[in-house]
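S.K.: Mind folding the following:
(chains A and B)
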There are 2 protein chains.
Amino acid sequence: MTTPDSPLTVYGNPLSTCTRRVLFALREKGVPYELVAVDLRAGEHKSPEFLKLQPFGQIPVLQDGTFTLFESRAICRYIERKYRGHGTSLIPEGAKEAGIVDEWCSVEQAIFDPPCSGLVSELLFKKSRGLEHDPLRARVLVRQLEEVMDVYERHLSDGKEYLAGEFSLADLFHAPYGVYLAPVGLLPILTTPSRPHVKAWWERLVARKAWREVEET
Amino acid sequence: MTTPDSPLTVYGNPLSTCTRRVLFALREKGVPYELVAVDLRAGEHKSPEFLKLQPFGQIPVLQDGTFTLFESRAICRYIERKYRGHGTSLIPEGAKEAGIVDEWCSVEQAIFDPPCSGLVSELLFKKSRGLEHDPLRARVLVRQLEEVMDVYERHLSDGKEYLAGEFSLADLFHAPYGVYLAPVGLLPILTTPSRPHVKAWWERLVARKAWREVEET
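M.R.: Purely as a prediction, here's the structure:
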């Protein structure tokens, strides 16, 4: 199979977690793209022109010819559907196999993301904007994320390499917020030797060539 | 096409929002099911036996023969994949059309659900457990949900009947928390005449036969 030659445009920011989620999927699929930077500090994502692309004023947005799509997880699903059979398969074919992927995609968004993105927001993004963080909320979120990872540890302890067996969107979705636990000193939640299967899963995930390329962008 | 004859088992509760999401999908697809009540007050969802089905101790869980699946939105996607061509189509075939459905499914989970479920939790669930609610948080969430609905109003104002054009999972996912705004006096957020397209969409959604059957269960 040849590489698709019509490049997609991603409006986003190379350091934005949700933009990186889309770039990770594009690189796993081997699909070329152009990244157009949206200047968040200048409020470009709230400009009338940008709101025509994304009515909630958020990044990223994918443009594929005249077709526009937003919400990072939806964009990843679109890329997988459109480029099925190309690069890494991110959702398996069978109803049951795809069901397990959807299950852990939903776990990521409903159970992992709230404490993880909450911590990154409290301890990294607030600080970078010179705002005070809420130490009590941070402690509650740490405890919550630890408990979630205890469940992941049991889930992964039967020898699976990834959450749904093979690498899939479910794993991919976790990377962008997970890596930002490092600069706030909380990466051990994912890499503590007391949860060896989570540690191995996490290190396997972020060692993927496509993710390393995204981080080097 | 004949009706599928192997009944599925849903472990859940007929008043639980996430259980109702799954029942709505099953009724739209015309798939028979058995609902097995999980006694939340007795902590049955945290029992060792239940944790074998759902490691996070949450409802609902779908059992299809020996196959078990959790997370309500993932279960709905599984039902759609397994019973494609049966009952209502909940995800269209084309990559772009499915992309728009995924986009609004993600909007529901990431943008609509947090303020809406937050309000239902503050004002209904806390009260039913005899807990104090936080009036400041409730006011912030009301404002947030109003702003989200302003975007929906603009999105729906081009004459679409549903969020992605035709009825889909994207609309279906909104019903369970939306209806619980009524007992806390906040249903006008969805039905105010000042957002006529949201009002028409919402009334069309909850008037669907499948949803009325779920509410009457």
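
S.K.: all contacts plus neighbour counts: C-alpha atoms, from now on.
M.R.: Noted.

S.K.: Okay, now the unreliable bits of chain A?
M.R.: Applying pLDDT under 70 to chain A flags residues A:1-6.

S.K.: redo that, cut-off 90
M.R.: A:1-7, A:41, A:125-133, A:217 (pLDDT under 90).

S.K.: Quick check: chain neighbours aside, which residue is closest to A:Cys96?
M.R.: To be clear, residue A:96 is Lys; Cys isn't right here. B:Tyr78 (7.2 Å; C-alpha to C-alpha, 6 or more residues apart in numbering or on different chains).

S.K.: quick one: which helix or strand includes the one you found?
M.R.: In this assignment (DSSP states H and E), B:Tyr78 forms part of helix B:72-82.

S.K.: Tell me which residues are up against the helix or strand that that helix is followed by.
M.R.: Per DSSP H and E, helix B:72-82 leads on to helix B:95-107 as the next helix or strand towards the C-terminus. For helix B:95-107, contacts defined as C-alpha atoms under 8 Å, 6 or more residues apart in numbering or on different chains pick out A:67, A:69-71, A:73-75, A:77-78, A:81-82, B:91-92, B:163-164, B:168-171, B:173.

S.K.: I would like the residues contacting the helix holding B:Tyr78, please.
M.R.: Contact with helix B:72-82 is made by A:95-96, A:98-99, A:102-103, A:106, B:18-19, B:21-22, B:25-26, B:29, B:60-62, B:69, B:89-91, B:169, B:173, as judged by C-alpha under 8 Å, 6+ apart.

S.K.: Recalculate using a threshold of 6 Å.
M.R.: A:Ala95, A:Gly99, A:Asp102, A:Glu103, B:Cys18, B:Val22, B:Ala25 (C-alpha atoms under 6 Å, 6 or more residues apart in numbering or on different chains).

S.K.: Buried residues of it, list them for me.
M.R.: Residues of helix B:72-82 classed as buried by neighbour count (16 or more other C-alpha atoms under 10 Å in any protein chain shown): B:Ser72, B:Arg73, B:Ala74, B:Ile75, B:Cys76, B:Arg77, B:Tyr78, B:Ile79, B:Glu80, B:Arg81.

S.K.: do the same with stretch A:174-183
M.R.: In stretch A:174-183, counting by 16+ other C-alpha under 10 Å, buried: A:His174, A:Ala175, A:Pro176, A:Tyr177, A:Gly178, A:Val179, A:Tyr180, A:Leu181.

S.K.: ok, which residues in chain A are in contact with chain B?
M.R.: A:Glu71, A:Ala74, A:Tyr78, A:Arg81, A:Lys82, A:Ala95, A:Gly99, A:Asp102, A:Glu103 (C-alpha under 6 Å from any C-alpha of the partner chain).

S.K.: can we see that at 7 Å?
M.R.: Proximity of chain A to chain B (C-alpha under 7 Å from any C-alpha of the partner chain) is limited to residues A:55-56, A:69-71, A:74, A:78, A:81-82, A:95, A:99, A:102-103, A:106, A:151.

S.K.: Tell me which stretches of chain A form helices.
M.R.: A:17-29, A:48-53, A:72-82, A:95-107, A:113-120, A:126-128, A:135-156, A:169-172, A:175-179, A:188-191, A:196-206, A:209-216 (DSSP state H).

S.K.: Need the max-distance pair from the contacts of helix B:72-82.
M.R.: A:Ala95 and B:Cys18 (20.8 Å; C-alpha to C-alpha).
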